[in-house]
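>>> Okay, predicted coordinates and the sequence, questions at the end:
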Amino acid sequence: MEEATICTIWNAVGMSLDQRFAIIRSIGLESTDEDDVRRLLGKKVAPVCYVWCDPSPSVHIAQGIMMVINVRKMVKAGCRVKILIADWFARMQHKFDGDLAKIRTFGLYMIEIWKAVGLDLNGVEFIWLSDEINSHSTEYWALVMDIFRNNTLRKITRCCEIVDPFMLNRNITDSYDPKNVTASTLFTPCVHCAAILLQKADIWLLSMDHEEDLHDKLIRQYCKGMKHERPIILSHNKLPNLIEHPELAKNGDPSWAIFIEDREVYLSYKLSRAFCPAKVAEGNPCLEYIKYIVFPWFGYFEVPRKEENGGSRTFQNMEELIIDYESGALGAAEVKLALAEALTKILKPIHDHFANNCEAQNLEDEALRSIPRY
């Protein structure tokens, strides 16, 4: 695949160190890494940032929209962004029946989604993990073995408790039982860690579920013990489950999240069923979607209302929205309807692109042909 030309240095010209840091900090950052980020930005005008992407059946809105929002921020701060498509891991996890050709097709489909939503391809480069491992196999497998040697089985099994962000919120293992855990599950954390260290990145952009055990315990401790240069890890927030009691839901119930493929009617149906407790902002999944998707995308959140109900209201920030919601001035039903309208507007260019572009439509058909529809 032809690689996009990287041209990001100009983004940092004229920006102060504090401005660049504030942009990166807005993505998500542990307090222990703040000094490291400042030092990095002070040394490099265009640090290299890798973004981990897991090909998964049905593209979660976090993969399609949140990732684009965060990549734009990295490019604006002057980073050279490389999106690593983890096709090799999808094969190891037996996604798409473990067929690498199908996984590659789905990866291309995801790239087409990012193009449709407006990702500037001049600011990013796409990397296939299988190509990287094949090109650097000696270095990669030596690193895998070294990580194995420097970790205990107990630590690895703890890493296997990480929740898959693009499936229903359930742990891979409810409790460690050798009869229920496949060898590949225990193998994954070390090869995952090695894949991250192999790239020699300055910064990695990961989701919150990746970071908690796998990267915090394995990468940090391994790099410290082996004096290996550790990349800075940015962890953006994970969108919550839209179902109130996910543990009681049917396994694979798609109502737990919004996906790129969701059209207006189905999207509205999902949100009408979503958990959105009246006058409660903390832990409210609908408000989290507004905070991490709608506000970053539009810069505001509009709630259409009839004049007899006070007229439409446009919120300029999350604080204003929370005040009205917790006071009862804004109801849960109004929030759900407005959120559905906002997300429909965001996803419409993607749906239009695949409907009106023959090549994109053929790619979508090929990518989704083998995936069970809900």
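Here it is on my side, so go on.
>>> Please count neighbours and contacts with C-alpha atoms only from this point.
Will do.
>>> Show me where this protein has its strands.
48-53, 80-85, 124-128, 203-207, 232-236, 301-303, 313-315 (DSSP state E).
>>> Reformat the ones you listed as a markdown table; add mean pLDDT and distance to Ala333.
What follows is those, written out as a markdown table (pLDDT from 0 to 100; distance: least, CA to CA, whole Å):
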| stretch | mean pLDDT | distance to Ala333 |
| --- | --- | --- |
| strand 48-53 | 91 | 34 |
| strand 80-85 | 93 | 38 |
| strand 124-128 | 93 | 39 |
| strand 203-207 | 80 | 29 |
| strand 232-236 | 79 | 28 |
| strand 301-303 | 95 | 11 |
| strand 313-315 | 93 | 14 |
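>>> Arg273 is nearest to which of those strands?
strand 301-303 (18.6 Å; CA to CA).
>>> quick one: Phe295 from Val68, how far?
14 Å (CA to CA, to the nearest Å).
>>> go on, Thr314?
If you go by CA to CA, the gap between Thr314 and Val68 works out to 24 Å.
>>> ok, these two, which is more surrounded?
Val68 (19 against 13; other CA atoms under 10 Å).
>>> Isn't the more buried one up against Ala116?
No. Using CA atoms under 8 Å, Val68 makes no contact with Ala116, being 10.8 Å away.
>>> burial count for Met15?
The number of residues near Met15, taken as other CA under 10 Å, comes to 14.
>>> My error: substitute Asn284 in the last question.
19.
>>> what does the one 5 residues further on give?
A count of nearby residues for Tyr289, using other CA under 10 Å, gives 22.
>>> That one contacts Leu239, correct?
Yes. Tyr289 lies in contact with Leu239 (CA under 8 Å); the separation is 6.7 Å.
>>> any idea how far the residue nearest to Ala367 when sequence neighbours are not counted is from Pro55?
Nearest non-adjacent residue to Ala367, counting by CA to CA, 6 or more residues apart in numbering: Phe106, 5.0 Å away. Relative to Pro55, Phe106 is positioned 7 Å away (CA to CA).
>>> And Leu363, by the same measure?
15 Å.
>>> Those two: which is more packed in?
Between Leu363 and Pro55, counted using other CA under 10 Å, the more crowded position is Pro55 (26 against 19).
>>> Can you list phi and psi of the more buried one for me?
phi -60, psi 130 (degrees, to the nearest 10).
>>> Excluding sequence neighbours, find me the nearest residue to it.
Closest to Pro55 by CA to CA, 6+ apart is Gly107, at 6.0 Å.
>>> neighbours of that neighbour, just the number please.
Neighbour number of Gly107 under other CA under 10 Å is 22.
>>> Tell me the confidence at it?
Gly107 is assigned 91 on the pLDDT scale.
>>> Next, work out how far apart it and Glu366 are.
Distance from Gly107 to Glu366, by CA to CA: 12 Å.
>>> Kindly report the same for Val280.
43 Å.
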